[in-house]
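Trainee: starting from these lines, generate the structure:
(2 chains)
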Amino acid sequence: GAVVSQHPSWVICKSGTSVKIECRSLDFQATTMFWYRQFPKQSLMLMATSNEGSKATYEQGVEKDKFLINHASLTLSTLTVTSAHPEDSSFYICSARVARGLPYEQYFGPGTRLTVT
Amino acid sequence: GNSVTQMEGPVTLSEEAFLTINCTYTATGYPSLFWYVQYPGEGLQLLLKATKADDKGSNKGFEATYRKETTSFHLEKGSVQVSDSAVYFCALSPPNTGGFKTIFGAGTRLFVKA
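Mentor: Presented below is the predicted three-dimensional model:
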């Protein structure tokens, strides 16, 4: 099956610092990856769609300058939370779209728990 | 617009009980439908899927049938185990979107007691 990893699995940082989260597709190439944010006991909120070699497409209400997304290769996308604040504390999940037959499928990473103090 | 509505949780069952988690959707045309499961502290895993009306998705004892007439995709399992305790998300992918606009329900938390 398709495996997606995330690193780190959890991170604690101080307010005002930046944090980078990596999302990797381990055994396949992913031209498209998605970044979600999940608040406790709530559903996933799509933040942005990341396409290899081009700019990410952000959902309405998501600050582009705060949540920097880079998809430099077919197996790696990164999300950088810049100048983090406590309200950015959340569970961040990435997924990769596999365009193999129909319907497409999404494979999700295990998530990264960010705590900003 | 497109949307997914799930029954509110938490759902608490005893081991070996029958499980139903209701899911209804609103969409134009024939979306693909999915159930995902999220275990504590982990990301989502695809549990099962269905792509057209009357399709039945099944996996690990779980089943769901794509009902176009009732716009539903209810998740069922005949005998739950403690290890099934998790959050279950119903989701849809609108037709002709190539999977770029998957919409998730709010999730239903399931607790199974021994």
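
Trainee: from here on, just use CA atoms for contacts and neighbour counts.
Mentor: Fine.

Trainee: next, B:Gly29: secondary structure please.
Mentor: Using DSSP: H, G, I helix; E, B strand; the rest coil, the structure places B:Gly29 in coil.

Trainee: give the contact list for the nearest residue to B:Lys113 once chain neighbours are set aside.
Mentor: Distances taken as C-alpha to C-alpha, 6 or more residues apart in numbering or on different chains place B:Ser14 nearest to B:Lys113, at 4.7 Å, with adjacent residues excluded. Contact analysis of B:Ser14 by C-alpha atoms under 8 Å, 6 or more residues apart in numbering or on different chains lists B:Val80, B:Val112, B:Lys113, B:Ala114.

Trainee: and with 10 Å instead?
Mentor: By C-alpha atoms under 10 Å, 6 or more residues apart in numbering or on different chains, the residues touching B:Ser14 are B:Ser79, B:Val80, B:Gln81, B:Val82, B:Phe111, B:Val112, B:Lys113, B:Ala114.

Trainee: for chain B, what helix or strand is lowest in average pLDDT?
Mentor: Ranking every helix and strand in chain B by mean pLDDT, DSSP states H and E puts strand B:103-104 at the bottom, with a mean of 89.

Trainee: hmm, A:Ile93 and A:Gln106 touching each other?
Mentor: No: the pair A:Gln106 / A:Ile93 is not scored as a contact, 11.9 Å apart, by C-alpha atoms under 10 Å.

Trainee: between those two, which contacts overlap?
Mentor: Common contacts of A:Gln106 and A:Ile93 (C-alpha under 10 Å, 6+ apart): A:Phe34, B:Leu44.

Trainee: of these two, who's got more company?
Mentor: Set A:Gln106 next to A:Ile93 and count neighbours by other C-alpha atoms under 10 Å in any protein chain shown: A:Ile93 wins out with 27 against 23.

Trainee: contact residues of chain B facing chain A?
Mentor: Residues of chain B lying close to chain A (C-alpha under 10 Å from any C-alpha of the partner chain) are B:31-34, B:38-39, B:41-46, B:49-51, B:87-89, B:93, B:95, B:97-109.

Trainee: now with 8 Å, please.
Mentor: When proximity is defined as C-alpha under 8 Å from any C-alpha of the partner chain, chain B approaches chain A at B:32, B:41-46, B:51, B:89, B:98-100, B:104-107.
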